[in-house]
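Engineer: With the input below, show me the fold.
(chains A and B)
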Amino acid sequence: MIIDITAVEIVDSFIGRMLTMIGSISRLFDAETVIVGMRPAVAITLTELGLSMKGVRTALNAEKGLELLNGRR
Amino acid sequence: MDAGSTQDRMADYLRRHQDKVVGRWSELVVASSRGRTSSEEVRRELTDLFSLINRVLSGADDHAAGELHAALDELSRSRARDGFTPSETALAVFSLKDAVYELVADSADMVPEYLTLSRLLDDLGLRTFEAYSSAREQIIADQSAAMMELSTPVVRLWEGIIAVPLVGTLDSARTQVVMERLLEALVASGAAHAVIDITGVPTVDTEVAQHLLKTVSAVRLLGAECTISGIRPQVAQTIVSLGIEFGDIATKATLADALAVAFRQAGLTVVRALWTRCRSSRSGGRCSSPSRSSWRTRASCGFRKTWPTSSSPPGRAA
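Structural biologist: Numbering: from 1, shown residues only, chains lettered A, B, ... in the order given. As a prediction, this is how the structure comes out:
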């Protein structure tokens, strides 16, 4: 599963937790989540909030995210 | 005796002895400035100040105080820029006390008038000092802003590999700038690897390490790999003795090692070309081969010949 958050400009701790939760829930179904297209400002906010999103894979853009998923198989 | 009349009398007295007082005042100031300002310049400045002080004392107009403060601020600022010490700057005002005291020392009836002037000059001296220190702070702020601009370049080492050579101590303001620049460069270039080189960072304490870790985790959130390089032996010792954990972040001793790791993760192999011998022959370095470099990189599926120093697997601390 690819979650594209290119259009997300502002995040809070709730969104961060939600994304992590989606990642861990989908792992229960043996599916892998890749979050792609995170903006620098969003990444800075998430690190400032102390959310390192462990267990969720990230990629720079959708193309790289697909590569990541294909490489897994 | 009311304050108004003593002020008036002092103003009157100063007006009558203007030349003598200003002359002596200039002498004192020039003597303390150790030849950094010419006596004509000082005299011109002090004459202006003197007439303003006189106007304030006589209470003739309301604008005099404001003008005097502006003139003093300007004087202090220029002294701060020219490298005068704070006491030299304040002495420029306090010397007037000495100059007047020498004149009125003999006449006992001038004591209240002299004290009025003295109080005014004390206030002005304090104001000079305040203006001086704010001018100095402004200079420091300008310089650190200029340093911030200079000290955070993001360089492209290879296609898909960028590096940030850090020089100087990391504080939270600088980390913020470095992080922003690095992340923007990652997004703009689409690079998958970032190397943070801390060769120029003098010491790594818990705070600096915290900032580094933050930057690395922000880079990872974007989906890129981050390596920290340039850890000198002393820095490594401090990191270990402080008990700082870098976790699964790859750390390397030199930028070359970090580049090798990035090459391997990107599936690139460095091989020595067979035709490099022609460079050392009589052609004098003007080789007509397709590439001037004796090292070439090419993509390959396996690692047929690896970089000499990359013996440790990627993702492990060196």
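
Engineer: Chain A against chain B: which residues are in contact?
Structural biologist: Proximity of chain A to chain B, by CB under 8 Å from any CB of the partner chain, involves residues A:34-36, A:38-40, A:42-44, A:46-48, A:52-53, A:57-61, A:64-65, A:68. Bear in mind the C-beta positions are built from the backbone N, C-alpha and C, glycine included.

Engineer: Among those residues, which ones are in strands?
Structural biologist: Per DSSP state E, strands hold the following members of these: A:34, A:35, A:36, A:57, A:58, A:59.

Engineer: out of the residues you listed, who's nearest residue B:57?
Structural biologist: Ranked by distance to residue B:57 (CB to CB), these are led by residue A:58 at 72.0 Å.

Engineer: Lowest-confidence entry in the ones in strands among the residues of chain A next to chain B?
Structural biologist: Least confident of these in the model: residue A:57, at 87.

Engineer: Is it correct that that residue is in contact with residue A:68?
Structural biologist: Yes. With contacts defined as CB atoms under 8 Å, residue A:57 counts as touching residue A:68 at a distance of 6.2 Å.

Engineer: Need the overlap of contacts for these two.
Structural biologist: A:34, B:223 (CB atoms under 8 Å, 6 or more residues apart in numbering or on different chains).

Engineer: Just the closest residue of the stretch 51-200 of chain B to chain A, please.
Structural biologist: residue B:183 (3.4 Å; CB to the nearest CB).

Engineer: So that residue belongs to a helix, correct?
Structural biologist: Yes. Checked against DSSP: H, G, I helix; E, B strand; the rest coil, residue B:183 lies within a helix.

Engineer: since we're on it, how many residues are nearby?
Structural biologist: As a burial measure, residue B:183 scores 25 neighbours (other CB atoms under 10 Å in any protein chain shown).

Engineer: For it, give me its contacts.
Structural biologist: Neighbours of residue B:183 in contact, by CB under 8 Å, 6+ apart: A:40, A:43, A:44, B:218, B:219, B:222.

Engineer: what ranges do the helices span in chain A?
Structural biologist: A:13-28, A:40-48, A:62-72 (DSSP state H).

Engineer: Could you list the residues in contact with the longest one?
Structural biologist: Contact with helix A:13-28 is made by A:1, A:3, A:5, A:8, A:32-33, A:35, A:46, A:49, A:51, A:53-56, as judged by CB under 8 Å, 6+ apart.

Engineer: Same check on the shortest one?
Structural biologist: Contact with helix A:40-48 is made by A:5, A:8-12, A:16, A:52-53, B:176, B:179-180, B:183-184, B:186-187, B:214, B:217-219, B:221-222, as judged by CB under 8 Å, 6+ apart.
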